[in-house]
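[1] Sequence below, structure please.
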Amino acid sequence: MVRPCATVDHERLVADHSAHNYAPLPVVITRGEGAWVTDVEGRRYLDLLAGYSALNFGHSNPRLLAAAHAQLDLVTLTSRAFGHDQLGPFCAELAALVGKDMVLPMNTGAEAVESGIKVARRWGYEVKGVAPDRARIVVAAGNFHGRTTTVVSFSTDPEARGGFGPFTPGFDVVPYGDLAALEAALGPDTVAVLLEPVQGEAGVVVPPPGYLAGVRALCTDVLFIADEVQSGLGRTGHVLACEADGVVPDVVLLGKALGGGVVPVSAVVADRDVLGVLRPGQHGSTFGGNPLACAVGREVVRLVPEVLPRTRRLGEVLHARLRAMPGLTAVRGRGLWAGVDVHPEIGTGREVSERLARAGVLTKDTHGPTLRLAPPLVIEEPDLHTALDTLERVLNH
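    The predicted structure is shown next:
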C-alpha cells in the first residue's frame, strides 16, 4: 500500500496516476475547519477560494456534518425509483427560499446547466410553439457554465473549446453587458437567455448598472435563466445575486454551495409553468435528489439567511481594503467575492498566488493578471484582515 507522507510524494502520485486536467498550487490539504486548512506537513493556511464558493459555510461546518452524519445512519440512496422522506421537504424548502414553485434536483453545477437547457428547449416547443429542433438560446461571451460538451459549445475560452468539437448547435453568443446586442439576437426561435449575473471564471465581472433589469425586460416570450451556481446562496450578500438588481429570473440554476462542500448537490428551480413541462422518463439522474444530498441541502437552506448580514458587512470591509491597496489595477465584485487585477510589474496572477500560498493564504488566478478572492462566508473579521494584510505585503515586496 502506498503511504505518501509529504507534499512532493502526493504530487508525484497525482502526476503519475491522475489525468492532468488541473494545475494546482503545490499545497496538499489534509484537513479544514472554518476558513482554515492544514496541509500534510502541518502548515496552516487561510482559504480565500472556498472551493469556488462550494464551501460558502466553511470547511467541516458542524451543522452540515451533523446533518450528513444523521442521514448516513439511515439511508443514503434509493434512486428515484422510490420515494424517500428527505426529497419533498428539500424541494419545498429550496423552492420557498428562491421564491419559486418547483425544484429539479441534480448533482453538479454542469448538470444543472444541462438540465436548464433541456427544460428551456422543451418549454420552447410545448409552450412557445417553436418548430421541432429549431430552439435557440442566447448566451454571453466570457461565460463559464461548466465543461460538458454542450456547455463548451458556447464557451468563448479557447482552452475550454479547443479539440473538443464537433459542438452542439443552437446557441447565439453576444457580448456580456450589451443589451443592444442581446436584443438583436432574439428571434422567433429563441427560447431562453442564459447568463451569469456575475461572471465568476471571467474574473468576477459585474454587469453594468441596469443590464440585468434590461435583460429581464427583453425576456417577454423567452425564459431568463440565471446561472447562480457560483454567485448564489449568499456569496454576494443576497440569496441570489440577481436580487442586488431587483431582478427575478424565470429559472435559477444552483450548485456548489447547495451541497455545503459535503456532497455534490445542484438544482434547477422554477415555477410550475416551466418545470411542469417535464414528464416521467424525459430526464433524470441516479444520484440526483438522493437522501444524503437532500438532508445536507436542507441544512444549507437554513444557513443561507443567517449568513447574509455578515456577508454584506464583511464584503464592505473586503472591497474597501482592496480599493485602497497598491499594486492592483482593478477591483471588481460583490459581497465576499472579488476579482482583482495585479499590476504586471508585480507578476502574473499565478505567480502572486504562489507567493500568497508560501505566506499562508490560498487563492487562485484566472486569465493572466486576475486573482479571485472568495473566502468562506463564515470567515472571522480578524482572519479576513490577516489575509488582506498578507496580500498587501506580497503585492509590495
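[2] What is the longest helix anywhere in the chain packed up against?
    Assignment by DSSP state H gives helix 291-323 as the longest helix of the chain. Under the contact criterion of 3 or more Cβ pairs under 8 Å, 6 or more residues apart in numbering; DSSP states H and E, helix 291-323 touches helix 62-72, helix 87-98, strand 102-106, strand 328-333, strand 338-342, helix 381-396. Backbone N, C-alpha and C define where each C-beta goes, glycine included.
[3] at 6 Å what do you get?
    If you count contacts as 3 or more Cβ pairs under 6 Å, 6 or more residues apart in numbering; DSSP states H and E, helix 291-323 packs onto helix 62-72, helix 87-98.
[4] Need the winner for burial among the ones you listed.
    Greatest average neighbour count among the helices and strands packed on helix 291-323 goes to helix 87-98 (a mean of 19), per mean count of other Cβ atoms under 10 Å.
[5] so that helix versus strand 102-106, what angle?
    Counting by axes from the mean of the first three to the mean of the last three Cα atoms, to 10 degrees, helix 87-98 lies at 110 degrees to strand 102-106.
[6] can you give me the angle helix 87-98 makes with helix 291-323?
    Using the same axes, to 10 degrees: helix 87-98 against helix 291-323 is 20 degrees.
[7] List the contacts of helix 87-98.
    Helix 87-98 has contacts (Cβ atoms under 6 Å, 6 or more residues apart in numbering) with 101, 103, 252, 269, 289, 294, 297-298, 301.
[8] Any chance of these in a markdown table with neighbour count as columns?
    Output for the contacts of helix 87-98, formatted as a markdown table (neighbours: other Cβ atoms under 10 Å):
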| residue | neighbour count |
| --- | --- |
| 101 | 17 |
| 103 | 23 |
| 252 | 28 |
| 269 | 29 |
| 289 | 25 |
| 294 | 24 |
| 297 | 30 |
| 298 | 19 |
| 301 | 21 |
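[9] With pLDDT added, can I get the residues you listed in a markdown table?
    Below are those laid out as a markdown table (pLDDT from 0 to 100):
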| residue | pLDDT |
| --- | --- |
| 101 | 98 |
| 103 | 98 |
| 252 | 99 |
| 269 | 99 |
| 289 | 98 |
| 294 | 98 |
| 297 | 98 |
| 298 | 98 |
| 301 | 98 |
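[10] mind checking how far the longest helix of the chain is from the chain centre?
    Centroid displacement of helix 291-323 relative to its chain, using Cα atoms, centre = their mean, to the nearest Å, is 13 Å.
[11] in that helix, what counts as buried?
    By neighbour count on 16 or more other Cβ atoms under 10 Å, the buried set for helix 291-323 is 291-301, 303-304, 307-308, 310-312, 314-315, 318-319, 321-322.
[12] helix/strand/coil for the most centrally placed residue in the chain?
    The chain has residue 230 as the residue nearest its centroid, 1.9 Å off, counting by Cα atoms, centre = their mean. The three-state assignment at residue 230 reads coil, by DSSP: H, G, I helix; E, B strand; the rest coil.
[13] In this structure it contacts residue 51, no?
    No. Using Cβ atoms under 6 Å, residue 230 is not in contact with residue 51, being 10.2 Å away.
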